[in-house]
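Engineer: sequence unavailable; structure follows:
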């Protein structure tokens, strides 16, 4: 299947800009005057591979992240300068910090760096946090905890480190790291409270921070989107957990389940998935956006490359 974003090849967008970099889910262009153009795409990654395309995903992620940035600016400044397009934003060219901060409020996850499999294996000291006995899978932690990781090199997973490792390994100065932890927890509290009011649990989320030209802290990259956060629906959650079932997630869960059903673990090309898997995933992204922001999602009709080129004129001329 395809989407208007991919069909019109954003990767080859013919803008006369100095420098271009692309990742699995985003295009980045260096703009004049210390600014950066970030374009979200419909590509969906899992198991370190681009698995396929989710219709409207790029527009949802961009606009939802911008909404959260605007509603948390009193806690921490962010890198957004302007939103010229539903799928693109202009950002200050910040210096990324060498760690990513994951805040977790639930005992969950499935990878080797997640808290649930390590807890079930008998570990109780996780990322420098002492957890009590008796916690249940997907249940609430006594309080949200910060689990830092180093920023991953291309093709490699993030390296899990303890909260003490950040300063012990000179990754960040002590005062800055303490400030980041306070900010991350406050951002998470704001996000979790609003998500709950919309019928969701914000189980965990990842924050990336950077410094602007004056050395001030900024939130960079996406925030509180279904690609950076784990959202569960509150409806029926207690019943599912009582039955030993995993919570219903509002992200790329339909794709994960479809891959699991086909026995795909990331080796070789991913299998083709039915169109319904992609449309169901798209519906979850859109519903999450609408419930969180309280606004209807209106997909842009014009092809992305034409639209973005036209909307960028005031910023690159």
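Structural biologist: Received it, and whenever you're ready, just let me know what you need. Owing to the predicted nature of the structure, the values given are computational and were not obtained by experimental measurement.
Engineer: in the longest helix along the chain, which residues are buried?
Structural biologist: For the chain, the helix reaching the highest residue count under DSSP state H is reported as helix 174-197. Burial within helix 174-197, assessed by neighbour count using 16 or more other CB atoms under 10 Å, is assigned to 176-177, 180-181, 183-185, 187-188, 190-192, 194-195. Just so you know, the C-beta spots here come from the backbone N, C-alpha and C atoms, and that holds for glycine as well.
Engineer: same question, stretch 244-254
Structural biologist: Under 16+ other CB under 10 Å, the buried positions of stretch 244-254 are 247, 249-254.
Engineer: so which of those are in helices?
Structural biologist: Of the positions in those, 253-254 sit in helices, assigned by DSSP H.
Engineer: how far away from the center of its chain is stretch 193-213?
Structural biologist: 9 Å (CA atoms, centre = their mean, to the nearest Å).
Engineer: please read the previous query as pertaining to stretch 59-79.
Structural biologist: Relative to the centre of its chain, stretch 59-79 is centred 12 Å away, using CA atoms, centre = their mean.
Engineer: report the buried residues of that stretch.
Structural biologist: 59-69, 71-72, 75-76, 78-79.
Engineer: give me the low-pLDDT residue ranges for the stretch 1-150 of the chain?
Structural biologist: 1-25 (pLDDT under 70).
Engineer: helices along that one, start to end?
Structural biologist: With helices called from DSSP state H, counting those that start in this stretch, the stretch 1-150 of the chain shows them at 4-7, 57-70, 115-120.
Engineer: for those, which one sits closest to residue 45?
Structural biologist: Nearest to residue 45, of all these, is helix 57-70, at 11.0 Å by CB to CB.
Engineer: please name every helix or strand in contact with that closest one.
Structural biologist: Counting contacts by 3 or more CB pairs under 8 Å, 6 or more residues apart in numbering; DSSP states H and E, helix 57-70 packs against strand 35-40, strand 80-85, strand 88-92, helix 275-293.
Engineer: and the second one, what's buried?
Structural biologist: Residues of strand 80-85 classed as buried by neighbour count (16+ other CB under 10 Å): 80, 83-85.
Engineer: just the closest of those to residue 167, please.
Structural biologist: So of the buried residues of strand 80-85, ranked by how close each gets to residue 167 (CB to CB), first place is residue 80, at 29.1 Å.
Engineer: fine by me, we can end here.
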